[in-house]
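**Student:** Fold the stuff below for me.
(4 chains)
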There are 4 protein chains.
Amino acid sequence: MSTDINRSWQMSGFGLSRLRPVDGSIPAFGARDLLVRTRAVSLNYKDRMIVDGVLIPDLAFPFVPTSDAVGELVAVGSDVSRFKVGQRVLGQVIADWPDGDAPPVLHTHTLGSSLPGMLSEYVIFGEDAAVLAPASLSDAEAATLPIAALTAWFALVEATKPVPGETVLIQGTGGVSLFALQFAAAFGLRAIVTSSTDDKLARAKELGAWQVINYREQPAWDEAARELTDGAGVRHVLEMVGGDNARRSLNALGADGRLTVIGLLGGMELSFPIMPFMRNRITVQGISVGHRRAFERMNQAIEALGIKPVIDRVFGFDEVPQAFEHLEKGPFGKIVITTA
Amino acid sequence: MSTDINRSWQMSGFGLSRLRPVDGSIPAFGARDLLVRTRAVSLNYKDRMIVDGVLIPDLAFPFVPTSDAVGELVAVGSDVSRFKVGQRVLGQVIADWPDGDAPPVLHTHTLGSSLPGMLSEYVIFGEDAAVLAPASLSDAEAATLPIAALTAWFALVEATKPVPGETVLIQGTGGVSLFALQFAAAFGLRAIVTSSTDDKLARAKELGAWQVINYREQPAWDEAARELTDGAGVRHVLEMVGGDNARRSLNALGADGRLTVIGLLGGMELSFPIMPFMRNRITVQGISVGHRRAFERMNQAIEALGIKPVIDRVFGFDEVPQAFEHLEKGPFGKIVITTA
Amino acid sequence: MSTDINRSWQMSGFGLSRLRPVDGSIPAFGARDLLVRTRAVSLNYKDRMIVDGVLIPDLAFPFVPTSDAVGELVAVGSDVSRFKVGQRVLGQVIADWPDGDAPPVLHTHTLGSSLPGMLSEYVIFGEDAAVLAPASLSDAEAATLPIAALTAWFALVEATKPVPGETVLIQGTGGVSLFALQFAAAFGLRAIVTSSTDDKLARAKELGAWQVINYREQPAWDEAARELTDGAGVRHVLEMVGGDNARRSLNALGADGRLTVIGLLGGMELSFPIMPFMRNRITVQGISVGHRRAFERMNQAIEALGIKPVIDRVFGFDEVPQAFEHLEKGPFGKIVITTA
Amino acid sequence: MSTDINRSWQMSGFGLSRLRPVDGSIPAFGARDLLVRTRAVSLNYKDRMIVDGVLIPDLAFPFVPTSDAVGELVAVGSDVSRFKVGQRVLGQVIADWPDGDAPPVLHTHTLGSSLPGMLSEYVIFGEDAAVLAPASLSDAEAATLPIAALTAWFALVEATKPVPGETVLIQGTGGVSLFALQFAAAFGLRAIVTSSTDDKLARAKELGAWQVINYREQPAWDEAARELTDGAGVRHVLEMVGGDNARRSLNALGADGRLTVIGLLGGMELSFPIMPFMRNRITVQGISVGHRRAFERMNQAIEALGIKPVIDRVFGFDEVPQAFEHLEKGPFGKIVITTA
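**Tutor:** Residues are numbered from 1 along each chain as shown, chains lettered A, B, ... in the order given. The predicted model follows:
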């Protein structure tokens, strides 16, 4: 804080061309707030949807996008007791969800959405909406956790009971999917990964996939998955696409199967035939990231198990547009922007 | 067993006109089987769908339909230890599901489907596929439990955790719905019942409904339900219809809401918009009756709580076709046929 | 706040004689705090143990004891968004437990213990440590909820799954026990209540007890409980005493039984024979009040189910010593002190 | 079955000297039974307690002891549908526990206790009390699973929810303990193992222990465990000893900790101070092996994860007394007797 300048990337309107660097001032913070000098920020696909005006059509400008950041605590409010200056912290994206059930109305306090985003040198976290970053991770690695890793963790550990040996089918090799794969492998689950390219599938194997399916070569990947399980069907599918894809997901499931709905890249509807749904007693559950306690548990597991986030590419703070463009290319893992 | 005649109603083909009384012989039973003299049988709507050839198109004839019966144990196999002659028993419809998860392939041992049905004077239950009838119920009342009551119990108690004070929306006033209403009232849940007629809603109120909605007068019953909960949405909906109705069910749900899929009278598809599904972290779960342990727990509760099944009408064993026809008239509660 | 005086009952040392009224000033409150004009306070037995120096031997004086209060919100901090002036609120006793798992170290932020108590005209609650009082209750009734009702609710609903029809044995007729009885009756559980006097047992019957046992007449109340369940044993025992009493509690339990440890009036040790413990797969669980989300759910249920707390006696704000003395007499239900 | 002789080791009374080989006949089997030619049997410490007359004082002689066996199916009853001749099967020790809750009275149908044991060339399993042996294991390895592995699996997976990254303290290096260690390592749990010898601790490290404690060098192993967790305490302790040892186990636990009671080598009582029990909201749960569905899930996981049981030593069918004597020497892993 030698100077009082806080450099940010701000949207003055929708479209990537209107996301520009600006020099603002360091934000004021309240008695229970943390002032954080960011070090690295990671991108999620929903950030691009926000920049493009698809996800939040009534966004008020100027707006700093993105939700995931790691940084160093440089000052704390007078009533803060959970943290100390100098610690390295991550923001809890759904800021008003400490544990248990979510708040009745979600996203009234969400970083990079109803609250300001992270593409700034200085940002504010509420004391109750931050966690320590795992000491085992670099800044770039830690920055990938708040949405992608926590969503995968919540789907596999918090929203259900992981029974070792069970099968889980993971669609694609984006950020959430690779965390799900790494977690599944570390927890004794058998992960089946689908992708359209053999190269990505080979890398998924290296990360611990039990089996892989190239859905370009095998469009009926649901039947392929059933075969891999001797006809029984898989226990758990992480749905990253929606639309008609979800029908294949349902068909891939065996008795008492679970379909966890995470992504919606392929459609805004979810539809199933009702008979197999009832006959197999399927559970379908929507996931929205997760709570702070889950974030803490996950960080402990990441450190204990030596899990290293997969980063596709790191960009500098002056390369933000390039980073967003790279997001469109189907990266294998996360995209990170260093801010310090 | 003074005579060796066993009178049954048998299907010689599809259609109610081909369901006819025949005199057969008393079935042989194995070392772990129970021979039961039935006293009363109840009908479920799926029985009509089987008689009409809609549900099991490849049914082998002759076939005795229906699944729910109470009777007296008249003989037991040599290895039977759980029951004694003279006891009054109910058959466990999914005969190979004692507790916990269902068998991987459902309905390979189901009464009135892959196994013979109950419209006979004498029937066989496996020792592990029977439970004692609640002493507090008459024969006609007890006969209503195996599918309708157990489905409602499983949806409200076994497949989820009933938190007293929570709201549950119950669609219609058929057999499953009325059991769900009686259970909900006895467990401290607030039941909202929908129906197309005020008369049925008035009777639902008498059975303990907290609120009622006439969906003919209020086609947007989902919005009506939200209003009854001060805009929060209900916690639990029992879906009895499917198709487009399920979209309204989803909209009636609040945060962390649960949609239990029981019936499919209105369509063979289930489809939702994906955004509210994920934002509210909805769980959708298909239900298929339930296991024997749940049946035992339910019977204990029915006796302890003094719950009396709602019977619309009782027919004699010579009025089977009339009973099936009455099923089409939208009865309030169960239809029973006495067999002794 | 026409005057700036805040009358409190303060301990200047241990012993009831050193609990005296004093005139202090209205406390300052922070940006996320609520200033509350109390209306009624209820006593718990642990309050007497604190006054007597038994529970917190290193207490710093002066100290205002007690934890349970209802009051009117008279001012809110600048950042408060969950409440409005004029609302009637209850304090969440374990102030840093919003939902899910408890904080790693309990009682660092507990009303009437590490935080000031409630025997004052004006008190402070954190915004995140308060809930709305049920509109269906009077001030005196609402004041009884924060410890006694929430402990009973947590034991019966949150820490386990209440399966209607199951049996629960409740020891005695103090505050927690009577709430447990009322909840059990409303949730479809069969409550067995023990007491040393027939008069109290008769009143327990009126509140919904399924069976009662006078343990003075039947010292082997565990065997009596087994007989009431046809030898099977009860499913759930709420342990209010500890010490040797817990051995009887264990013996009263059947297969997969649960012993919830709430009180310790009779001993500081818990000991069991290990064989029946393992053979019956017993679960024993310690309970410490509960979290704020459970408090909200409970209040909703209390209102929905029309449950009225049982109050033994109400004292005026100048009768605090008398109220504490009455606590020793084995009251039937709660003792309340009005403060406004 | 070229001959009709069935060689067994039978007890004619208590004491190892009265366990002798006898030639009997091949047992008759019912319509739903499996006739199995055993290949290997494993010992559990309770087998020695039965031979010595400690565990079942009223045992009827002659009696064939032991519970764990793998064998080949040589004939099936007329109604058997779940298995085929030639398959390699394991017996489900608690033969009447298929899934979910245990039977109300345990051990009325338990191999090697109320049912005959396994030290025979030919034994009978009920069709519903057998599972396929994992194809990835040798006969000697497969024979170790029915009690030791299933107990460890049930404690870590079925009776609780394994959250990866959590800590579990495992006492000793006997059969159950080593399975618990191998499972914990494969599921992403951090296992702390205690033993009295450094050599065994070194081997535990090789099997995946996160930390080890030599309790001879550090008698206050509970405090040592707290230090390893930065003072927080461990999440889960598997109690193998009972008596005073359980007090240390309780002290080693942190908030919301779980004590799973498996063994009782050190005492027939379980006793705790009540205050830390309640303050930390401890759960204590007794374990009795597990159900058949858990056995099936475990076998799937063992195969999927490539887990190999640790065998201390294999004896021939003529070395049964030596095998029992070896059990007293504190083996590292299981003792197996080949029977074919």
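
**Student:** Taking the stretch 101-250 of chain A, what residue is nearest to chain C?
**Tutor:** Taking CB to the nearest CB as the measure, the point where the stretch 101-250 of chain A comes nearest chain C is A:Asp101, at 6.3 Å. C-beta here means a position set from N, CA and C on the backbone, and glycine is covered the same way.

**Student:** Number of residues surrounding that residue?
**Tutor:** A count of nearby residues for A:Asp101, using other CB atoms under 10 Å in any protein chain shown, gives 15.

**Student:** Same check on the one 5 residues further on?
**Tutor:** Using other CB under 10 Å as the criterion, A:Leu106 is surrounded by 20 other residues.

**Student:** Repeat that for A:Thr151.
**Tutor:** A:Thr151 has 24 nearby residues by other CB under 10 Å.

**Student:** Repeat that for the one 5 residues further on.
**Tutor:** Residue neighbour count, defined by other CB under 10 Å, stands at 24 for A:Leu156.

**Student:** got the domain boundaries for chain A?
**Tutor:** A:5-145+A:290-338, A:160-286 (automatic domain parsing).

**Student:** Quick one: end-to-end distance for the shortest one.
**Tutor:** Start-to-end span of domain A:160-286 (CA to CA, to the nearest Å) is 12 Å.

**Student:** before we move on, the earlier item: tell me the pLDDT of the closest residue to the residue of the stretch 101-250 of chain A closest to chain C other than its chain neighbours.
**Tutor:** Leaving out its chain neighbours, the residue that sits closest to A:Asp101 by CB to CB, 6 or more residues apart in numbering or on different chains is B:Asp256, at 5.3 Å. If you check B:Asp256, the pLDDT there is 94.

**Student:** so what does the strand or helix carrying B:Asp256 touch, helix or strand wise?
**Tutor:** Take DSSP states H and E as the rule and B:Asp256 turns out to sit in strand B:253-261. Under the contact definition 3 or more CB pairs under 8 Å, 6 or more residues apart in numbering or on different chains; DSSP states H and E, strand B:253-261 sits against helix A:274-279, strand B:234-239, helix B:245-252, strand B:283-286.

**Student:** Go through the ones you listed and pick out the most buried.
**Tutor:** Comparing the helices and strands packed on strand B:253-261 by mean neighbour count (mean count of other CB atoms under 10 Å in any protein chain shown), strand B:234-239 ranks first with a mean of 26.

**Student:** got the angle between that one and strand B:253-261?
**Tutor:** Relative orientation of strand B:234-239 versus strand B:253-261 (axes from the mean of the first three to the mean of the last three CA atoms, to 10 degrees): 20 degrees.

**Student:** so A:Pro321 is in which element?
**Tutor:** Using DSSP H and E, A:Pro321 falls within helix A:320-327.

**Student:** Pull out the buried residues from that helix.
**Tutor:** For helix A:320-327, a neighbour-count test (16 or more other CB atoms under 10 Å in any protein chain shown) marks A:320, A:323-324, A:326-327 as buried.

**Student:** Also stretch A:249-266?
**Tutor:** Counting neighbours by 16+ other CB under 10 Å, stretch A:249-266 gives A:249-264, A:266 as buried.

**Student:** circling back to that earlier point, closest to D:Pro219 out of the domains of chain A?
**Tutor:** With CB to CB as the criterion, D:Pro219 lies closest to domain A:5-145+A:290-338 of the domains of chain A, at 27.2 Å.

**Student:** Quick check: mean pLDDT of the closest one?
**Tutor:** Rounded mean pLDDT across domain A:5-145+A:290-338 is 96.

**Student:** Compute the first-to-last residue distance for that domain.
**Tutor:** Start to finish, the residues bounding domain A:5-145+A:290-338 are 18 Å apart (CA to CA).

**Student:** centre of the chain versus that domain, how much separation?
**Tutor:** Averaging C-alpha positions (CA atoms, centre = their mean, to the nearest Å) puts domain A:5-145+A:290-338 11 Å from its chain's average.

**Student:** Adding distance to chain D and mean pLDDT, write the helices and strands packed on strand B:253-261 out as JSON lines.
**Tutor:** Converted to JSON lines, these look like this (distance: least, CB to the nearest CB, whole Å; pLDDT from 0 to 100):
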{"stretch": "helix A:274-279", "distance to chain D": "19", "mean pLDDT": "86"}
{"stretch": "strand B:234-239", "distance to chain D": "23", "mean pLDDT": "97"}
{"stretch": "helix B:245-252", "distance to chain D": "28", "mean pLDDT": "94"}
{"stretch": "strand B:283-286", "distance to chain D": "17", "mean pLDDT": "95"}
